[in-house]
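J.: Structure, please.
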Amino acid sequence: MVTGAGVLTLSFLFSESIKGVLNRFNLSEKFVGSSLLATGTSFPEVINAITAGFYDRESSQKYKYSIDSFYNLTGASLIQIIFLSGLGIVLYHLTKKKKFAQSEYRGFITSTFQNKTFLWFLFTAELVLLLIAVSFPSFSQKIGIGSVSFLPFLFLVIWACYLVFSRKDKEDFKSYSNIFDQLSNFKFLGIFGFIFICFSGLSFLNFNIVTMFEKTFRIPRNIGLGTILSLVTSFPEFSSFFFLFKSRHFGLASAGIFGSALFNLFLPSLTQSIKVGWFLSELVTNSNLQASLIGWLGLAVALNVIFLIAFYKNKKGNYILNFNYPRWNVFWSWVLLTSYLTISFIIFPIFLKSETAGDTK
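T.: Numbering: from 1, shown residues only. Purely as a prediction, here's the structure:
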């Protein structure tokens, strides 16, 4: 409760400071969403990835914490599109009851992918590459150096290149009024840095509390780590999204979600840099873990595609393939939600012999 309240408070201040950055430094929403907003709200995942590397250096189970962290990082990206889909359903029904403006509902749907389709493509393509890597671990090891995989470092390069090319993309100017408007740049940057430091401390505490929870109850990794831990570590993203959404900055809010997904997928590079190795070698001799990861990543890729179908709008304001049914988003959002819940909580536990969190070899 204490860490949750702290994160919620800091998320409000962080969201306000992000709007301050946009007002002061003339940067694009895509850049800020993929850099400052993603980095700040993804501190739990960063701490998770770093801590996993140090824990694995001392662990007798070789890559246990690296695998736990990987479930969390990929699960966080998935949980966030589930969140957006659920929000789309809620807003649709609120507009029908005249409790949310129809124009703002359309603005939310349109802004989700507006100027961000390439960003979605990048993190979905990375998920596909990860799916291929875990499906063929022997081949994947051959294109690395020893037990070190090139993939996370490739994702780091992709993220950095995206930031470089999106930094000054031209966008219509918007006013991002915030509580820090009256401060000088020097004072503003000092407060911004302080918020980052506070986030990191709470994130470390959060990671240790939740990993104790999933080990105690011995639940399957793709539920305990892919879902529950990811849900908790995504709390900063949800909180920041809420405050940006509340001020009707829909585009910036969704840029933070998409940017966080791209950011999270290069974080295993931190884990394996500390551990000096990644878990792909473990999959050669552990078919249960391999099957669990293939199922998990396959689900993530499929749901990302459904998410595109549900939310993408072209320049004419129509959905994909030029459809324009009023309930299009609601229908596909329900498909996404029910698919996720059914597969994650019913099909996976029944058909996949996933290890439970905390199992030993």
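J.: N264 against S77, yeah?
T.: Yes. Using Cβ atoms under 8 Å, N264 is in contact with S77, at 5.7 Å. Backbone N, C-alpha and C define where each C-beta goes, glycine included.
J.: Of these two, give the one with the bigger neighbour count.
T.: N264 (30 against 26; other Cβ atoms under 10 Å).
J.: where's I89, which helix or strand?
T.: Using DSSP states H and E, I89 sits within helix 64-96.
J.: One more: L129?
T.: Element membership of L129 [criterion: DSSP H and E] is helix 117-135.
J.: helices and strands around that helix, which ones?
T.: The helices and strands touching helix 117-135, judged by 3 or more Cβ pairs under 8 Å, 6 or more residues apart in numbering; DSSP states H and E, are helix 64-96, helix 137-142, helix 151-166, helix 250-264, helix 280-283, helix 287-311.
J.: go again using 7 Å as the cut-off
T.: On a contact count with 3 or more Cβ pairs under 7 Å, 6 or more residues apart in numbering; DSSP states H and E, helix 117-135 meets helix 151-166, helix 250-264, helix 287-311.
J.: Can you give me the buried ones in the last one?
T.: Going back to what we said before, that points to helix 287-311. Neighbour-count burial for helix 287-311, counted by 16 or more other Cβ atoms under 10 Å, picks out 289-300, 303-304, 306-311.
J.: try the first one
T.: For helix 151-166, a neighbour-count test (16+ other Cβ under 10 Å) marks L151, P152, F153, F155, L156, I158, W159, Y162, L163, S166 as buried.
J.: Check the residues you listed against S69 and report the nearest one.
T.: P152 (11.2 Å; Cβ to Cβ).
J.: Surely that closest one and S273 touch.
T.: No. Counting by Cβ atoms under 7 Å, P152 sits too far from S273 to count as a contact (8.7 Å).
J.: how about the helices and strands packed on helix 117-135, which one is nearest F123?
T.: Among the helices and strands packed on helix 117-135, helix 250-264 comes nearest to F123, with 4.4 Å by Cβ to Cβ.
J.: following the closest one, which helix or strand comes up?
T.: Note on helix 250-264: by DSSP H and E, the next helix or strand toward the C-terminus is helix 268-275.
J.: by how many degrees do that next one and helix 117-135 diverge?
T.: Angle, helix 268-275 to helix 117-135, by axes from the mean of the first three to the mean of the last three Cα atoms, to 10 degrees: 40 degrees.
J.: With just CA atoms, put helix 268-275 into PDB.
T.: Backbone C-alpha positions of helix 268-275 (Å, rounded to 0.1, in the frame of the first residue of the first chain) are rendered in PDB as follows:
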ATOM      1  CA  PRO A 268      17.700  -8.100 -21.100                       C
ATOM      2  CA  SER A 269      21.000  -6.600 -22.500                       C
ATOM      3  CA  LEU A 270      21.500  -5.300 -18.900                       C
ATOM      4  CA  THR A 271      20.800  -8.700 -17.400                       C
ATOM      5  CA  GLN A 272      23.200 -10.600 -19.600                       C
ATOM      6  CA  SER A 273      25.900  -7.900 -19.400                       C
ATOM      7  CA  ILE A 274      25.900  -8.500 -15.600                       C
ATOM      8  CA  LYS A 275      25.400 -12.200 -15.700                       C
END
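J.: Contacts for it, please.
T.: By Cβ atoms under 7 Å, 6 or more residues apart in numbering, the surrounding residues in contact with helix 268-275 are 49-50, 52-54, 56-57, 66, 69-70, 73, 148-149, 152-153, 156, 278.
J.: again, only using 6 Å
T.: For helix 268-275, contacts defined as Cβ atoms under 6 Å, 6 or more residues apart in numbering pick out 49-50, 52-54, 56-57, 66, 69, 152-153, 156, 278.
J.: quick one: contacts for S239?
T.: By Cβ under 6 Å, 6+ apart, the contact list for S239 reads L8, S11.
J.: And it, how far from G256?
T.: Separation of S239 from G256 (Cβ to Cβ, to the nearest Å) stands at 11 Å.
J.: right, and the helix or strand after the helix holding I89?
T.: Going down the chain from helix 64-96, the next helix or strand is helix 102-113, by DSSP H and E.
J.: Pull out the buried positions in that following helix.
T.: Y105, F108, I109, S111, T112, F113.
J.: And for stretch 89-106?
T.: Buried positions in stretch 89-106, judged by neighbour count with 16+ other Cβ under 10 Å: I89, L91, Y92, T95, F100, Y105.
J.: And those, which two are furthest apart?
T.: Greatest spatial distance in the buried residues of stretch 89-106: I89 and F100, 12.2 Å, computed using Cβ to Cβ.
J.: where in this protein is pLDDT low?
T.: Scanning the chain for pLDDT under 70 picks out the ranges 1-4, 6-7, 168-175, 199-201, 203-229, 232-233, 353-361.
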